[in-house]
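Visitor: coordinates only, no sequence provided:
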């Protein structure tokens, strides 16, 4: 139950002169959409002029499997998220601009404000409580909306249909097969994950500070050994080059001496 401060309705009831009509105009059934979490919990994202239709639907799926002699048995039942279809109206000041609020209804919410709020609700993950006189539906999120302006309702009246879907936290599984000898599935077990994923790297592992120090020491040792080997090889190469040069010089002198002696013998 809530109080309605619709000025036009109250004035019409007063003009009618009936006490019961005045009470009925002030008291109205409780309908509303409220934030269910966060800093704004308990507040309304928008306040429509009136709620027209609220449709509630629930659905479940029963899985069947073939058995012997062409029969079938039901062994699993999956609950599907319930949906609420809410149709409400938002009345503006004029049909030429949706940003002007209808002050005659004592409201500061315009048609443009409601549409912007609905778009934010559709594109963000948030849960809401839907209040009705019969039941309050908890943890629902907006999945779809559409709006229209009808000629018979006037260009200032915006009619919106919003679809809210139940956000399920736990799925209940029931085994009802007559051929099954095991107990029904425990709901506490079904809450756990059915698979566990672990990050495994087969050929590589993370480096530690000790590994880095060993690598630097190995590089320094390898560089020192490399410099020593290069120096030894250069020294050996110089000796190898120097030795043949000396041998070539001696051999040429000996050959020249032998040639001179042979020429002298021929001339004499």
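Guide: Structure received. If you're wondering where the values come from, they're calculated on a predicted model, not measured in any experiment. Numbers count the residues shown, from 1 in each chain.

Visitor: what about residue 254, which SS state?
Guide: Residue 254 carries the three-state label helix when classified by DSSP: H, G, I helix; E, B strand; the rest coil.

Visitor: neighbours around it, how many?
Guide: The tally of other residues near residue 254 (other CB atoms under 10 Å) stands at 10. (Each C-beta comes from the backbone N, C-alpha and C, glycine too.)

Visitor: how close does it sit to residue 265?
Guide: 17 Å (CB to CB, to the nearest Å).

Visitor: quick check: longest strand of this structure.
Guide: With secondary structure taken from DSSP state E, the chain has its longest strand at strand 72-94.

Visitor: elements contacting that one?
Guide: For strand 72-94, the elements it packs on are strand 50-66, strand 97-101, helix 111-123, strand 136-148, strand 157-166, judged by 3 or more CB pairs under 8 Å, 6 or more residues apart in numbering; DSSP states H and E.

Visitor: that one - what's its average pLDDT?
Guide: Model confidence over strand 72-94 averages 88 on the pLDDT scale.

Visitor: same thing with stretch 115-130?
Guide: Averaging the model's pLDDT scores along stretch 115-130 yields 95.

Visitor: now residue 84, nearest residue through space, not along the chain?
Guide: Distances taken as CB to CB, 6 or more residues apart in numbering put residue 164 closest to residue 84, at 4.3 Å, once the chain neighbours are dropped.

Visitor: ditto for residue 161
Guide: With sequence-adjacent residues excluded and distances taken as CB to CB, 6+ apart, residue 161 is closest to residue 87, at 4.8 Å.

Visitor: kindly report the same for residue 91.
Guide: With CB to CB, 6+ apart as the criterion, residue 91 has its nearest non-adjacent residue at 4.5 Å, and that residue is residue 49.

Visitor: domain map for this protein?
Guide: Residue ranges for the structural domains of the chain, counted by automatic domain parsing, are given in the record as 31-190, 212-268.

Visitor: out of those, which gets the lowest mean score?
Guide: Looking over these, mean pLDDT reaches its minimum on domain 212-268, with a mean of 63.

Visitor: give the contact list for the residue nearest to residue 155 when sequence neighbours are not counted.
Guide: For residue 155, ignoring the flanking residues on the chain, the nearest one in space by CB to CB, 6+ apart is residue 95 at 2.9 Å. Residues touching residue 95, when contacts are defined by CB atoms under 8 Å, 6 or more residues apart in numbering, comprise 149, 154-156.

Visitor: then residue 109?
Guide: Contacts of residue 109 were listed using CB under 8 Å, 6+ apart, and they are 46-47, 90, 101.

Visitor: name the member of these with the most neighbours.
Guide: residue 90 (27 neighbours).

Visitor: so that one is in contact with residue 98, correct?
Guide: No: under the criterion of CB atoms under 8 Å, residue 90 makes no contact with residue 98, lying 9.1 Å away.

Visitor: what sits in contact with each of those two?
Guide: By CB under 8 Å, 6+ apart, residue 90 and residue 98 have these common neighbours: 111, 158.

Visitor: residue 110 reaches residue 103, doesn't it?
Guide: No: using CB under 8 Å as the test, residue 110 is too far from residue 103 to be in contact (10.6 Å).

Visitor: between those two, what contacts are shared?
Guide: Residues touching both residue 110 and residue 103 (CB under 8 Å, 6+ apart): residue 93.

Visitor: so between these two, which is more surrounded?
Guide: For the pair residue 110 and residue 103, the greater number of neighbours falls to residue 110 (20 against 10), based on other CB under 10 Å.

Visitor: distance of the more buried one from residue 120?
Guide: Shown here: residue 110 relative to residue 120, a distance of 15 Å by CB to CB.
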